[in-house]
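Enquirer: structure, please.
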Amino acid sequence: MADEWVVAMPKLGETVTEGTIGSWLKQAGDEVAFDDPLFEVSTDKVDSEIPSPYDGVIVEILVPAGETVPVGTALVRIGAPGAQPVHAGVNAPAAATGSTAAAGGPSLSDQAAPVMGGSEGMAGADPGVGAPAGETHDITMPKLGETVTEGTVNSWLKNVGDTVAFDDPLFEVSTDKVDSEIPSPYDGVLLEILVGAGETAPVGTVLARIGEPGATAGAPAPAAAPAPSSAPAAAPESSGAAEPVDRNGRVLSPLVRRLVAEAGLDVSTIRGTGAGGRIRREDVEAAVAGGAAQAAPAPAAAAPAAPPPAPVAPAAAAAPAAPARPAAAAAAPSGTADPRDEVVQLSRMRLAVAAGMKKSQTDTASVWTSVEVDFHNVEQVRNKHKARFKKETGSSLSYLPFISRAVVDALRAYPTVNSSIDIEAKTMTLHPYVNLGVAVDLDQQGLVVPVLRDADGLNMRGIAKGITAMAAAARNKKLGMADMQGSTFTITNPGPFASYASAPIINQPNTGILCTDGVKRRPVAVGDAIAVHPTGIIGLVYDHRAFDGSTASLFLMHIRDSLEQRDWEVEVG
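Expert: Below is the predicted model of the structure:
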C-alpha cells in the first residue's frame, strides 16, 4: 500500500468538466478516517460532500476553498497515519515506494490524479494510467450526499471484459437525492461486476473490479490491494477469493451477504439467477417471500470436505433455471395474479417519497380547511401585464406568484403557522423568516421541494423569478441537497392540472402546507348582481398539535382578502 495518496476533483455527471471547492471540512495536519467528510464540491449539476477514501493525515491541501478547477485536478494529498503536514517553505516529504518524487521526478501535486467517483478508494497513488502488474482496483458505491447511506445501480455502461479508460462513464447510480453517472478512475479491464443493475447497496460496497490493461476477465482475479484500515474486510470463506463464496463457488456480494444474514437464510437453498448462478438481491427477496428454510441443511448435506468446485453451475442446476419472479410478484396474495399484470420495481425517488409521506401521516395530527377565492382582481392585473412581465423577468405571470406573495404576508401575521414543533422536547420553534418550499412535479416520476430562502424579503417579481429558477433546476436535475432543506412552510400547486380541492400531506418539519387548486370561471354574487369571475379553492393542511382551526381559518382569510383586494399593479411594477 502506498504511503501517500492524491484525491482529485470528482466528475459528478456526464457533461461535468469542472467543479468548485465549496469548503474544506478537514485541514492540513488533521487525521481523517475512511468515509470521513473531506470537502464540499459544487458543479453545474449537483452539490456533493466528498468523503475520504483513506485513513491517514491531510499532508497538503492543493486547491483552496472557492477555487474552480477541471475534473481530475489534484486537490489534496493524504499521507499514512502519523505523517507530517507540509508547512510553508518546507518541501513535501517524498513518498516511499512507487512515488516518482522519491526519484527526483514530479511531485504528487504535479501528477494527474485519478478521478474519485464518490467514495471509491484507489489502490495506489499512480495516476490513471493502468495498475501495476497483478493489481486490481475495487470500485465502490459512492457517497453522493451527507445523509446518503445507499444507492441503486441503474445500469452498467461497460460489460465484463470491456477495456475502460480513465474517466470513461462506468455506471449510473441513483440515490434518494441525486442521479449521477460515475466515471472510471482507472485505465484497465472490467474484470467483474459484483452488484447488478437494479440492485441497491450501502455506500462503500464493492460494485466492480478493474484489472490492469490486458487482464483477462473471467479468470480468478488477483487479490485486491489492501482496503483502508477502518473499513473492515469480511473474512473470505474460500482461500484466495476476493469476496466470500458459498459452498457452490458462487461469489456473494456484500449486499447479498447482509440480506441473507438479516433473513437467517442458508445460501445453499437459494437459486441464483445471475451470471453463472450468481445470487442477486432479487433472489434473496424471492427466497424470503417464498418462505425459504431458515435452518441450515442437515449435517449429511454438509459432509463433503473437498475444496469448493470451480465456479460453474452445480450438477443439480445444470439445466437453465427459470428466472425468479420479482419479489413483489412472488409476495402477491394467492388468487389475485392475472397474466396481464406487469410488475415493475419502484424507483428510488418513489420509495423516498412514499417513506417521507407515510412518516408525516404517522407523526402529525393533520387537519384540512379551505376557502374560496375570487381571482377577478388578480386576473385583471395578469391580463394587463403578463406579456411585459414575461419579457422582463423570464417568468410567467401565473396565479402562483400572487398566491405566494400573499402567503408570505399571512405568515408574518400568523407566526405559529410558520413554525416547527418538537413534541418530545415539548417545544415550538417560531421562524422569524420565511423559507418557502414549492413542490415541483418531475414528469409524474416523483416530487421534490426546492426552497426559496428568505422569501419574506422579496417582492412579487423576485418571488416569481425564484420559483421559476428552482423549478427549472429541479427538472434539469441541478438541485443540490442544500436547495431542498430548511423550508418553514410549503406550497403545492396542482392547479394547472385542473384539480378542484386537494388535501396534501405536510412537508415536515413544517406545520402547514398550502394547496392551490384549479381556477375556473363561475357565476358569483357581486352586490345584488350576478357576474362570471375566475374562482378557485385554496386549502391548508395543518398540524393540529401546533395550532387550532381558528388560526388556520384566519390565516386563509388573510390570503383570500389580499388576493381579492390588494393593489397588485403596484406589486407587478
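
Enquirer: so Trp156 makes contact with Ala197?
Expert: Yes: counting by CB atoms under 8 Å, Trp156 does reach Ala197; the two are 5.8 Å apart. Placement of C-beta: from N, CA and C, glycine included.

Enquirer: of those two, who's got more company?
Expert: Here Trp156 and Ala197 are compared on neighbour count by other CB atoms under 10 Å; more neighbours surround Trp156, at 19 against 13.

Enquirer: residues in contact with the host helix or strand of Glu564: which ones?
Expert: With secondary structure defined by DSSP states H and E, Glu564 is part of helix 549-565. Here helix 549-565 makes contact (CB atoms under 8 Å, 6 or more residues apart in numbering) with 367, 369-378, 402-403, 405-407, 409-410, 413-414, 416-417, 512, 514, 538, 540, 542.

Enquirer: circling back to that earlier point, give me the common contacts of Trp156 and Ala197.
Expert: The contact sets of Trp156 and Ala197 do not overlap (CB under 8 Å, 6+ apart).

Enquirer: beta partners for the residue nearest to Asp138 when sequence neighbours are not counted?
Expert: Nearest residue to Asp138, sequence neighbours excluded (CB to CB, 6 or more residues apart in numbering): Val206, at 4.7 Å. Beta-bridge partners for Val206, by DSSP bridges, are Thr140.

Enquirer: Val206: neighbour count?
Expert: Using other CB under 10 Å, Val206 has 23 neighbouring residues.

Enquirer: that one is in contact with Leu191, isn't it?
Expert: No: the pair Val206 / Leu191 is not scored as a contact, 11.8 Å apart, by CB under 8 Å.

Enquirer: need the pLDDT of the closest residue to Val203 other than its chain neighbours.
Expert: Among residues not flanking Val203 along the chain, Lys143 sits closest, at 4.4 Å (CB to CB, 6+ apart). Lys143 carries a pLDDT value of 73.

Enquirer: do the same with Ser107
Expert: What the model reports for Ser107 is a pLDDT of 36.

Enquirer: what of Thr147?
Expert: We have a pLDDT of 61 for Thr147.

Enquirer: figure out the helix or strand that Ala354 lives in.
Expert: With DSSP H and E as the criterion, the answer for Ala354 is helix 348-363.

Enquirer: which helices and strands sit right next to the helix or strand following that helix?
Expert: Note on helix 348-363: by DSSP H and E, the next helix or strand toward the C-terminus is strand 366-374. Applying 3 or more CB pairs under 8 Å, 6 or more residues apart in numbering; DSSP states H and E, one finds that strand 366-374 contacts strand 529-543, helix 549-565.

Enquirer: now do the first one: distance to the chain's middle.
Expert: What that stands for is strand 529-543. Computed by CA atoms, centre = their mean, to the nearest Å, the chain-centroid distance of strand 529-543 equals 37 Å.

Enquirer: tell me which residues in that strand are buried?
Expert: Using 16 or more other CB atoms under 10 Å as the test for burial, strand 529-543 gives 533-543.

Enquirer: which one of those is nearest Ala65?
Expert: The closest of the buried residues of strand 529-543 to Ala65 turns out to be Asp543 (CB to CB; 39.2 Å).

Enquirer: can you pull the contacts of Leu62?
Expert: For Leu62, the contact set (CB under 8 Å, 6+ apart) comprises 74-77, 109.

Enquirer: picking up where we left off before, including mean pLDDT and distance to Gly272, could the helices and strands packed on strand 366-374 go into JSON lines?
Expert: Conversion of the helices and strands packed on strand 366-374 to JSON lines gives the following (pLDDT from 0 to 100; distance: least, CB to CB, whole Å):
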{"stretch": "strand 529-543", "mean pLDDT": "97", "distance to Gly272": "47"}
{"stretch": "helix 549-565", "mean pLDDT": "97", "distance to Gly272": "56"}
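
Enquirer: ok, back up a step: and of the contacts of Leu62, the nearest to Arg350?
Expert: Distance to Arg350 across the contacts of Leu62 (CB to CB) is lowest for Leu75, with 35.4 Å.

Enquirer: and that closest one, how many residues sit next to it?
Expert: 26.

Enquirer: please apply the same query to Leu12.
Expert: When neighbours are defined as other CB under 10 Å, Leu12 has 28 of them.

Enquirer: hang on, it packs against Thr43?
Expert: Yes: in this structure, Leu12 is within contact of Thr43 by CB under 8 Å, at 5.4 Å.

Enquirer: tell me, what's touching these two both at once?
Expert: Common neighbours of Leu12 and Thr43 (criterion: CB under 8 Å, 6+ apart): Gly19.

Enquirer: list the contacts of the strand or helix carrying Leu190.
Expert: Element membership for Leu190 (DSSP H and E) is strand 188-193. The list of residues contacting strand 188-193 from outside it, by CB under 8 Å, 6+ apart, reads 130-131, 136-137, 156, 158-164, 170, 207-217, 221, 242, 251.

Enquirer: go again with 6 Å.
Expert: The contact list for strand 188-193 (CB atoms under 6 Å, 6 or more residues apart in numbering) reads 130, 156, 158, 160, 162-164, 208-213, 215, 217, 221.

Enquirer: equivalent analysis for stretch 20-37, please.
Expert: 38-40, 42, 49, 51-52, 55, 57-58, 61, 63, 65, 67-68, 85, 228, 230-231.

Enquirer: now for Arg566, how many residues are close by?
Expert: Neighbourhood size, Arg566 [other CB under 10 Å]: 17.

Enquirer: what does the one 5 residues further on give?
Expert: For Glu571, the number of neighbouring residues by other CB under 10 Å comes to 16.

Enquirer: domain ranges for this protein?
Expert: Following automatic domain parsing, the chain resolves into domains at 4-211, 254-332, 351-572.

Enquirer: the longest one spans what distance, first to last residue?
Expert: Right, the one you point to is domain 351-572. With CA to CA, to the nearest Å applied, domain 351-572 spans 40 Å between its terminal residues.

Enquirer: give me the distance from that domain to the chain's centre.
Expert: Its chain's C-alpha centre and that of domain 351-572 lie 26 Å apart, by CA atoms, centre = their mean.

Enquirer: what's near enough to touch the residue nearest to Asp138?
Expert: 138, 140, 194.

Enquirer: out of those residues, which is most surrounded?
Expert: Compared across the contacts of Val206, Thr140 has the highest neighbour count, 26 neighbours, by other CB under 10 Å.

Enquirer: roughly how far apart are that residue and Ala387?
Expert: Computed with CB to CB, to the nearest Å, the distance linking Thr140 and Ala387 is 53 Å.

Enquirer: re the thing from before, distance of the residue nearest to Asp138 from Phe34?
Expert: Note on Val206: its distance to Phe34, by CB to CB, is 13 Å.

Enquirer: ditto for Ser52
Expert: As judged by CB to CB, Ser52 and Phe34 stand 6 Å apart.
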